[in-house]
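**Q** no sequence on this one, just coordinates:
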């Protein structure tokens with residue numbers, strides 16, 4: 001089997017309320033890989049908020065696509081190495097990492113289809129249903145927006161909900177968390193997300209105001225580049241730290257683990273150089289007793305969690321319009337079943353490219 005074509009597109013996808021209060025749209029960098037035997041694989045990277053989507057597509061087209069044409073798509077590991085080592089002067093993070101991710105996801109989709117298996121079974125199969133947590137609670141939400149979103153996820157059976165704590169006054173953030181806790185009651189456990197907005201002392205002060213609320217985790221406290229600072233926060237506060245959505249390689253995650261910087265690791269399959277590298281990160285975490293809870297794109301992340309014994313939760317963020325994908329995995333009783341179709345199980349609708357192409 002040989003790769004004969006790779007068709008690409010950049011989609012601009014509007015978000016629904018209340019998420020649109022924070023992000024008007026996201027972008028998808030899409031790559032469909034075709035072969036001489038008729039099999040096709042779909043890969044895409046979600047560019048959250050849309051920033052840099054054009055650059056991701058340009059790097060994919062100019063530098064990575066030529067490396068794959070004419071190759072056997074079932075040699076996924078070899079092709080991943082070829083892409084990863086294609087430009088020694090370009091670190092495989094950010095734009096380059098997201099471009100590799102889209103193609104690697106497409107290659108694995110092809111491999112699963114060729115084998116007639118969903119990817120989580122191809123990789124070993126640990127679980128068929130994954131617990132989900134509702135995610136959102138952005139800083140621009142009103143109290144009504146915040147409570148309404150949290151209650152929506154709770155009504156789907158989610159036993160966890162994550163909200164942002166972006167207010168400069170840590171007492172205001174405490175009040176937001178208390179508002180949601182009161183609305184949801186004791187049956188739903190909460191997490192908070194700093195989104196890299198504080199320094200060490202700011203995090204210590206903020207965490208001290210939240211320590212009595214039995215939070216599951218305290219997410220991304222400092223700049224993702226500063227692994228040492230993240231480790232110090234983890235040492236100095238009493239809430240378990242989660243991080244990793246803006247880390248891209250097994251080497252960064254190895255350092256996070258060695259520094260004991262987080263109890264929950266959150267690789268994003270659309271950023272962390274695709275399924276290939278995310279699986280390596282997951283197995284590395286398992287060797288150290290660390291749980292993995294992938295970041296967003298739950299429809300793709302389910303395959304990762306389903307393959308890992310240390311897969312914990314998928315992040316359920318309901319942002320996709322109903323006409324983007326043919327079928328989205330549904331949340332029922334707080335869990336989402338891993339798609340059983342060969343490959344990753346996702347397909348764009350026939351109208352999606354025409355409607356959302358940038």
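**A** Now that the structure is in, tell me what you want to look at. Please read these numbers as outputs of a predicted model, since none were measured by experiment.
**Q** wait, residue 302 touches residue 130, no?
**A** Yes - Residue 302 is in contact with residue 130 according to C-beta atoms under 8 Å; the separation is 5.7 Å. Glycine gets a C-beta too; all of them are placed from N, C-alpha and C.
**Q** mutual contacts of these two, please.
**A** 314, 336, 338 (C-beta atoms under 8 Å, 6 or more residues apart in numbering).
**Q** neighbour-wise, which one of those leads?
**A** Highest neighbour count within the shared contacts of residue 302 and residue 130, by other C-beta atoms under 10 Å: residue 314, with 29 neighbours.
**Q** buried sites along stretch 128-146?
**A** 130-139, 141, 145-146 (16 or more other C-beta atoms under 10 Å).
**Q** ok, residue 215 - how many residues close by?
**A** 20.
**Q** check residue 265 too.
**A** By other C-beta under 10 Å, the residues close to residue 265 number 27.
**Q** wait, it touches residue 281, no?
**A** Yes - between residue 265 and residue 281 there is a contact under C-beta under 8 Å: 6.9 Å.
**Q** who touches both of those two?
**A** In contact with both residue 265 and residue 281: 244, 253, 292, using C-beta under 8 Å, 6+ apart.
**Q** any idea what the last one is bridged to?
**A** Residue 292 has these beta-bridge partners by DSSP bridges: residue 265, residue 311.
**Q** quick one: residues contacting it.
**A** 264-267, 281-282, 285-286, 304-305, 308, 310-312.
**Q** roughly how far apart are it and residue 332?
**A** Residue 292 is 23 Å from residue 332, where distance means C-beta to C-beta, to the nearest Å.
**Q** what do you get for the first one?
**A** Taking C-beta to C-beta as the measure, residue 244 falls 27 Å from residue 332.
**Q** the more surrounded of those two?
**A** Higher neighbour count among residue 244 and residue 332: residue 244, with 29 against 12, using other C-beta under 10 Å.
**Q** tell me the contacts of residue 80?
**A** Counted by C-beta under 8 Å, 6+ apart, residue 80 has contacts 100, 104, 107, 273, 274, 276, 277.
**Q** 7 Å instead, please
**A** 104, 276 (C-beta atoms under 7 Å, 6 or more residues apart in numbering).
**Q** using the three-state scheme, assign it.
**A** helix (DSSP: H, G, I helix; E, B strand; the rest coil).
**Q** and what of residue 152?
**A** helix.
**Q** quick check: it vs residue 42, distance?
**A** From residue 152 to residue 42 the distance is 29 Å (C-beta to C-beta).
**Q** and residue 208, how many neighbours?
**A** Close neighbours of residue 208, defined as other C-beta under 10 Å, add up to 15.
**Q** neighbouring contacts of stretch 240-255?
**A** 92-93, 97, 217-221, 224, 227, 230, 233-234, 256, 261-268, 271-273, 277, 280-281, 284, 293, 295.
**Q** likewise for stretch 206-223?
**A** By C-beta under 7 Å, 6+ apart, stretch 206-223 touches 160, 165, 170-171, 173-174, 177, 181, 189-196, 198-200, 203, 229-230, 233, 237-243, 245, 264.
**Q** filter these to the buried ones?
**A** 160, 165, 170, 173-174, 177, 181, 189-196, 198, 200, 203, 229-230, 233, 237, 239-243, 245, 264.
**Q** quick test: name the residue nearest the centre of the chain.
**A** By C-alpha atoms, centre = their mean, the chain has its centre lying nearest to residue 295, at 2.7 Å.
**Q** show me what contacts that residue?
**A** Residue 295 neighbours (C-beta under 7 Å, 6+ apart): 245, 266, 267, 268, 315.
**Q** I'd say residue 191 and residue 165 touch.
**A** No - here residue 191 lies out of contact with residue 165, judged by C-beta atoms under 7 Å, at a distance of 10.2 Å.
**Q** can you give me the helices for this structure?
**A** 53-59, 65-68, 76-84, 95-115, 119-122, 143-155, 170-184, 200-208, 227-236, 250-258, 274-286, 298-307, 352-356 (DSSP state H).
**Q** of these, which approaches residue 31 most closely?
**A** helix 95-115 (4.8 Å; C-beta to C-beta).
**Q** what's the angle from that closest one to helix 76-84?
**A** 160 degrees (axes from the mean of the first three to the mean of the last three C-alpha atoms, to 10 degrees).
**Q** who are the packing partners of helix 95-115?
**A** In this structure, helix 95-115 packs against strand 25-35, strand 40-47, helix 53-59, helix 76-84, helix 119-122, helix 274-286, with contacts taken as 3 or more C-beta pairs under 7 Å, 6 or more residues apart in numbering; DSSP states H and E.
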